[in-house]
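Engineer: All I have is the shape, not the residue letters:
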């Protein structure tokens, strides 16, 4: 064999040895590795982002019915007026007549005939006053007493915008009729109770029909059941005999359980719930 061929074979052997050493010692280990690796490298997926723990704020659906200006200090006021307006808007005066038994029946048709103007005024912001809540437009003002609001169905007083909203003689007479109906077993409505719909003046010192300058508590305030034992009264006999703008005198023929009929004299003034009866003789 020639020397050149011997040199080639020797070189190939040396090269193979180098490759063998490289393959076994590439990781710093010699011989068989003591650890095994997965043939396929699996990447760890990123952790899933948990759903947000924050619950989105609940949305309050708008109230059902005609628009009514809210009263932040008395939220029940708008709810009570809306109940009335819903009926008025749907059925006009006939739809509210029976429910508005706190209003003198003869006044209901005229008071609520202009439904469009009433709805317009009600949409304005409400104002919480000392005795009532009011809503006003340039044309009219709606006034709702607290007893009406508490009932959940508010039948408003309606008067021209800018006026004082004075109470009428018809309202004074109706106040006396309601009071007598309670004692004679003929209330205008079963719900017409003194605790819910006060007709007697309260115990504040507002009573001074003689104009002495020294107001006191109305006499009937401390004895609201003075006519207990009354059997009946004549509705046609109830009428306003005098009204000086502050005190109103109403007459009524009342029959006691003994059969004796008397002409009773009621004195009324304006209190926190409209007309209130301060004395009866």
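Structural biologist: Received, thanks. For clarity, every value in this text was computed on a predicted model and none was experimentally measured.
Engineer: The protein: helices as residue ranges?
Structural biologist: 3-24, 75-97, 108-111, 115-122, 146-151, 169-183 (DSSP state H).
Engineer: which parts of stretch 202-210 are buried?
Structural biologist: Under the neighbour-count criterion of 16 or more other Cβ atoms under 10 Å, stretch 202-210 has 206-209 buried. Every C-beta, even on glycine, is put in place using the N, C-alpha and C of the backbone.
Engineer: With stretch 215-225 instead?
Structural biologist: For stretch 215-225, burial by neighbour count (16+ other Cβ under 10 Å) applies to 218, 220-221, 224.
Engineer: any idea of the mean pLDDT for that stretch?
Structural biologist: Mean pLDDT, stretch 215-225: 96.
Engineer: same question, stretch 99-118
Structural biologist: In this model, stretch 99-118 carries a mean pLDDT of 97.
Engineer: OK, contacts around the closest residue to residue 106 other than its chain neighbours?
Structural biologist: In this structure, residue 106 finds its nearest non-sequential neighbour in residue 170, 6.1 Å apart by Cβ to Cβ, 6 or more residues apart in numbering. Residue 170 makes contacts with 104, 106-107, as judged by Cβ atoms under 8 Å, 6 or more residues apart in numbering.
Engineer: got a winner among the residues you listed for most neighbours?
Structural biologist: The most crowded member of the contacts of residue 170, judged by other Cβ atoms under 10 Å, is residue 104 (20 neighbours).
Engineer: can you pull the contacts of that residue?
Structural biologist: 168, 170-171, 173-174.
Engineer: roughly how far apart are the spatially most central residue of the chain and residue 226?
Structural biologist: The centre of the chain sits closest to residue 76, judged by Cα atoms, centre = their mean, with a distance of 2.4 Å. With distances taken as Cβ to Cβ, to the nearest Å, residue 76 is found 33 Å from residue 226.
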